[in-house]
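Participant: Provided below are the primary sequence and the corresponding predicted coordinates.
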Amino acid sequence: MKSAIKWSLSLIIIISSIVLIGNYTRIHTDKIVAVQIDEKIQEKDSYFIMIDGEEFIVENENTWNLIDKANLYDIDYEWHGHSTPVINYIVVHGKSSENNKH
């Protein structure tokens with residue numbers, strides 16, 4: 001009886017650990033529509049934008065340079081674990097995303 005409880009408890013711990021580790025390492029994606037950029041930040045060779053108090057990485061300097069805080073944007077981004085989200089593509093709201101991927 002005790003060994004069955006130990007095996008069950010061990011199995012629950014192992015499965016829970018796998019689920020938690022898998023969820024942490026999984027790449028999450030999300031989209032924001034019609035959002036305005038609050039701030040653009042440059043730190044050495046790193047480029048960031050702030051949206052509603054959250055920081056996003058812009059990997060391409062040219063893309064970062066083209067971002068105008070006066071425009072509204074549609075943004076797709078991804079992250080894993082507790083990492084800073086990275087912009088996959090950003091387009092001016094209402095424009096076709098197929099022709100403007102960055």
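Facilitator: Good, I have the coordinates. Fair warning: this is a prediction, and the values are worked out from it, not measured in the lab.

Participant: for stretch 47-55, how far is the first residue from the last?
Facilitator: End-to-end span of stretch 47-55 (C-alpha to C-alpha, to the nearest Å): 10 Å.

Participant: whoops, I mixed them up, stretch 18-35
Facilitator: 36 Å.

Participant: Please list the residues outside it that contact it.
Facilitator: 51-52, 72-81, 85, 88, 93 (C-beta atoms under 8 Å, 6 or more residues apart in numbering). The C-beta positions use only the backbone N, C-alpha and C, and glycine is treated the same way.

Participant: Restricted to strands, list these.
Facilitator: 51, 72-80, 88 (DSSP state E).

Participant: List the residues that contact residue 36.
Facilitator: Here residue 36 is in contact with 51, 69, 71-73 (criterion: C-beta under 8 Å, 6+ apart).

Participant: List the residue ranges of the protein that fall below the pLDDT cut-off.
Facilitator: Within the chain, the segments meeting pLDDT under 70 span 1, 23, 96-102.

Participant: So which residues of it form helices?
Facilitator: 2-25, 61-66 (DSSP state H).

Participant: In CSV: those helices, plus mean neighbour count and distance to residue 46.
Facilitator: Below are the helices of the chain laid out as CSV (neighbours: other C-beta atoms under 10 Å; distance: least, C-beta to C-beta, whole Å):
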stretch, mean neighbour count, distance to residue 46
helix 2-25, 10, 23
helix 61-66, 14, 10
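
Participant: Make JSON lines from those and add distance to residue 34 to it.
Facilitator: Shown next, in JSON lines, are the helices of the chain (distance: least, C-beta to C-beta, whole Å):
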{"stretch": "helix 2-25", "distance to residue 34": "29"}
{"stretch": "helix 61-66", "distance to residue 34": "18"}
